[in-house]
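Asker: Need coordinates for the following:
(2 chains)
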Amino acid sequence: SPASMDSLSSSGVGDGGGSDSDKRQILEQLQQQTALNLIQSLVNTSTEKCFEKCVPSPGGELATSEQKCVSMCLDRYVETWNIVSKVYGSRIARESGGGGGGSSGISFQ
Amino acid sequence: SASSVLRDPTMQRQLLAMKQQQEFQANVAKFTEHCWDRCDVKATAKMEAKTSRCIANCVERYLDASSRLSADLPNLLSRMADSRQQAPPSSAKTIWG
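Answerer: Numbers count the residues shown, from 1 in each chain, chains lettered A, B, ... in the order given. The predicted structure follows:
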């Protein structure tokens, strides 16, 4: 259940605010929400691109060949994502002196 | 209180890290969509080598163009300021008069 504002005022230890577990919970929820937004964006864009590519003339139902096309299309889209993530991540690492500012890219298996 | 949670320096560091990661992912999403179109990626069982090369080049060249533009920006901005200070040419009155 989401942390309510009431639970944030629970007894913290010396740091003048919520407890460490409250902070962890907030961060985890933010992280989850960010991941969800990311998946949403990926699904929306790939659906649009793959529909364009695989279903040029929408008929009464999706043909088997169209279904296979959509499936392969999604695989290729995710593969494209992973290539982009790797190249962009390497570039950032190179430009920030090779060590710092880890680009924690998410890649999809 | 909620505001004191946000004032915690550790919290701020982690929020900043998350923000940076979010920006990274947003850019990945943008480049993926753009390069998918640019490189005409096909809905096949296996991606062609030339296509994956194209995608990698697409990202690198976009970033190069972006750096180039950022480097030129101070010059561009100063030229915009100059044109605002100039009086409009008198011929303009003749044309639009």
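
Asker: only C-alpha atoms for contact and neighbour calcs from this point on.
Answerer: Noted.

Asker: From residue A:80, how far out is the residue sitting nearest the centre point of chain A?
Answerer: The centroid of chain A falls nearest to residue A:38 when counting by Cα atoms, centre = their mean (2.9 Å). To residue A:80, residue A:38 is 15 Å away according to Cα to Cα, to the nearest Å.

Asker: and residue B:7, how far is that from residue A:32?
Answerer: For residue B:7, the distance to residue A:32 equals 22 Å [Cα to Cα].

Asker: what are the ranges of the helices in chain B?
Answerer: B:2-7, B:9-38, B:49-85, B:91-96 (DSSP state H).

Asker: Need those in a markdown table (columns: mean neighbour count and mean pLDDT).
Answerer: Below are the helices of chain B laid out as a markdown table (neighbours: other Cα atoms under 10 Å in any protein chain shown; pLDDT from 0 to 100):
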| stretch | mean neighbour count | mean pLDDT |
| --- | --- | --- |
| helix B:2-7 | 15 | 77 |
| helix B:9-38 | 17 | 94 |
| helix B:49-85 | 13 | 90 |
| helix B:91-96 | 8 | 50 |
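
Asker: In TSV: those, plus distance to chain A.
Answerer: Below are the helices of chain B laid out as TSV (distance: least, Cα to the nearest Cα, whole Å):
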stretch	distance to chain A
helix B:2-7	5
helix B:9-38	5
helix B:49-85	6
helix B:91-96	48
